[in-house]
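Novice: Next come a sequence and a model predicted from it.
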Amino acid sequence: MNLTKDEVLLVRTLAMSKVGLHLYTIFRRAGLAAPAMSKALASLQGSGVINLEDEVASFTQKGHAWLSKQPSLLFAPQARLKDRLDRTVSPSRVPQFKGPSIGINVLYVPRTSELPRSLLKAIADKSN
Amino acid sequence: MVDSKRHMTALIKLMASSPWLLERADELNYLLNECSSESELDLLFDLLTRFDYLGNGALKDGFNAMSEQILTGWALDPVKTIVCPPKLDSSADSGPAVVQTLKSNFARKQVSQFELVVNLNKLKDHSKYRNLVVVVDDFAGTGRTIKGKLGKIRELPLYKESPPKIYVCLLAAAQMARKEIEPHVDGYFVWREYVRGISDHYSGSALSAATQAMHDIEGRFVPVVSGVTLPTFGYGGTEVLMGWDSNLPNSVFPVFWWPESQTTGSGVQSVRKTLFSRYL
């Protein structure tokens, strides 16, 4: 089954819940526009993956079986999440919070405050 | 206006169950944003949920059903039958288009002896031997127009000596058309028949609330456009909930097709983005 980006987003959002999610919750969490979400919902309902009862969407038995064979869908590489990130995070990611990019073969200097205390202690002991 | 959890959920559900609305998302958004109260929004959501959109596939089924009714249901002898729209003038109309569509259906069934005409005034004298007349059209609202034409058919010089048997075969119609037409014909067929969207659906306080909400919505429309008066609740109060991509019948609630609205108080007129269109 080939899914569109919107359908993948809907499946991922819905997969966060065991018992299903209210349509409005999916709408808020997936960050899709209403027509896009409706289209994805209708398509997944048509394929028998998702069931809609009252206003709660959940995976059907067929959907659960299908989903269990699609681990890559739920644990996709970061690149595949780009679309969602663009949609949901980018608008609030203001330039001043972006760090300087590191050049090739340039060592990364970590923040000492973020290093484990045991490591700092070991470094201090060694230098002594 | 669609900003509450309830209405957003209703919108998603509505569009998921009515794919035709996805192609008209902008128009739907415009329509819902015109609402000025919760009750207006509730009414529109309910009407749209019950709305019958006839896409190309559905229309094909409808025309097949019509030709089937003529050929098998009534089993009319093609040699004695005239198929025509309820028309005696030369104005552009959907009736001749229906005749044209049925033509190919008849051809598919290897039937070719029907006399198919687009204007009853053009009938020649030799047609008097065809004493079975099937009046076909895509839609009847109140049924009064077709009823009027039935009398005119019987008055044709062609049928002075022996009156014809008349059958009416329609793609869609308001239920009230049946009462108007059926008693005056030898056969009446409608593929899709519609009850009134508000008056036949609600009762008691829900009926008065829905009626008031629709009056409020229509009250914001320009009452006369291109010399045509707003047909409140659809022409003759037919309240039809049906739509297709060709010219829409005026029996459908004007909220879905009336072209202009006015901003309350200021009197400024604006062109509406409508789900359907109708030539005025």
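Specialist: Happy to help now that I have it.

Novice: Read off the pLDDT value for A:Leu85.
Specialist: Here the pLDDT value assigned to A:Leu85 is 51.

Novice: wait, what's in contact with B:Asn64?
Specialist: B:Asn105 (CB atoms under 8 Å, 6 or more residues apart in numbering or on different chains). The way it works is simple: take the backbone N, C-alpha and C, and place the C-beta from them, glycine included.

Novice: Just to be sure, B:Gly151 is in a helix?
Specialist: Yes: under DSSP: H, G, I helix; E, B strand; the rest coil, B:Gly151 sits within a helix.

Novice: For chain A, see how far away it is.
Specialist: 48 Å (CB to the nearest CB, to the nearest Å).

Novice: How many residues are close by that residue?
Specialist: 9 (other CB atoms under 10 Å in any protein chain shown).

Novice: next one: A:Ala124
Specialist: A:Ala124 has 9 neighbours, counted by other CB under 10 Å.

Novice: any idea how far chain A is from B:Ala25?
Specialist: Where chain A is concerned, B:Ala25 sits at a distance of 4 Å (CB to the nearest CB).

Novice: What is the neighbour count of that residue?
Specialist: B:Ala25, neighbours per other CB under 10 Å, totals 17.

Novice: and it, what does it touch?
Specialist: A:34-35, B:15.

Novice: try 10 Å this time
Specialist: Residues near B:Ala25 by CB atoms under 10 Å, 6 or more residues apart in numbering or on different chains: A:33-36, A:38-39, B:11, B:15.

Novice: Make a markdown table out of the residues you listed and add distance to B:Thr49, secondary structure and neighbour count.
Specialist: Listed next are the contacts of B:Ala25 as a markdown table, based on distance: CB to CB, whole Å; DSSP: H, G, I helix; E, B strand; the rest coil; neighbours: other CB atoms under 10 Å in any protein chain shown:
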| residue | distance to B:Thr49 | secondary structure | neighbour count |
| --- | --- | --- | --- |
| A:Ala33 | 21 | coil | 13 |
| A:Ala34 | 15 | helix | 21 |
| A:Pro35 | 17 | helix | 21 |
| A:Ala36 | 20 | helix | 20 |
| A:Ser38 | 13 | helix | 26 |
| A:Lys39 | 18 | helix | 21 |
| B:Leu11 | 11 | helix | 25 |
| B:Met15 | 11 | helix | 24 |
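
Novice: hang on, isn't B:Phe189 packed against B:Val134?
Specialist: Yes: B:Phe189 lies in contact with B:Val134 (CB atoms under 10 Å); the separation is 9.4 Å.

Novice: dump the residue contacts of the residue of the stretch 1-150 of chain B found nearest chain A.
Specialist: Nearest residue of the stretch 1-150 of chain B to chain A: B:Met15, at 3.4 Å (CB to the nearest CB). Going by CB under 10 Å, 6+ apart, B:Met15 touches A:34-39, A:41-42, B:21-22, B:24-25, B:28, B:48.

Novice: Which single residue of chain A approaches chain B most closely?
Specialist: Using CB to the nearest CB, the single residue of chain A nearest to chain B is A:Ser38, 3.4 Å away.

Novice: I figured that residue hits B:Lys13, correct?
Specialist: Yes: if you go by CB under 10 Å, A:Ser38 and B:Lys13 touch, sitting 7.9 Å apart.

Novice: Spit out the residues that contact those two alike.
Specialist: Shared contacts of A:Ser38 and B:Lys13 (CB under 10 Å, 6+ apart): A:Leu23.

Novice: State the three-state secondary structure for B:Cys169.
Specialist: Per three-state DSSP, B:Cys169 ends up strand.

Novice: neighbours around it, how many?
Specialist: 24.

Novice: May I have the beta-bridge partners of the residue of the stretch 101-250 of chain B found nearest chain A?
Specialist: Nearest residue of the stretch 101-250 of chain B to chain A: B:Gly243, at 18.2 Å (CB to the nearest CB). B:Gly243 has the following beta-bridge partners by DSSP bridges: B:Tyr53.

Novice: So in chain A, where's the weakest helix or strand by average pLDDT?
Specialist: Across the helices and strands of chain A, mean confidence by mean pLDDT, DSSP states H and E is lowest for helix A:82-88: a mean of 54.

Novice: returning to that earlier point: can you tell me how far the residue nearest to the residue of the stretch 1-150 of chain B closest to chain A when sequence neighbours are not counted is from A:Glu7?
Specialist: The shortest distance from B:Met15 to any non-neighbouring residue, by CB to CB, 6 or more residues apart in numbering or on different chains, is to A:Ser38 (3.4 Å). A:Ser38 sits 12 Å away from A:Glu7, going by CB to CB, to the nearest Å.
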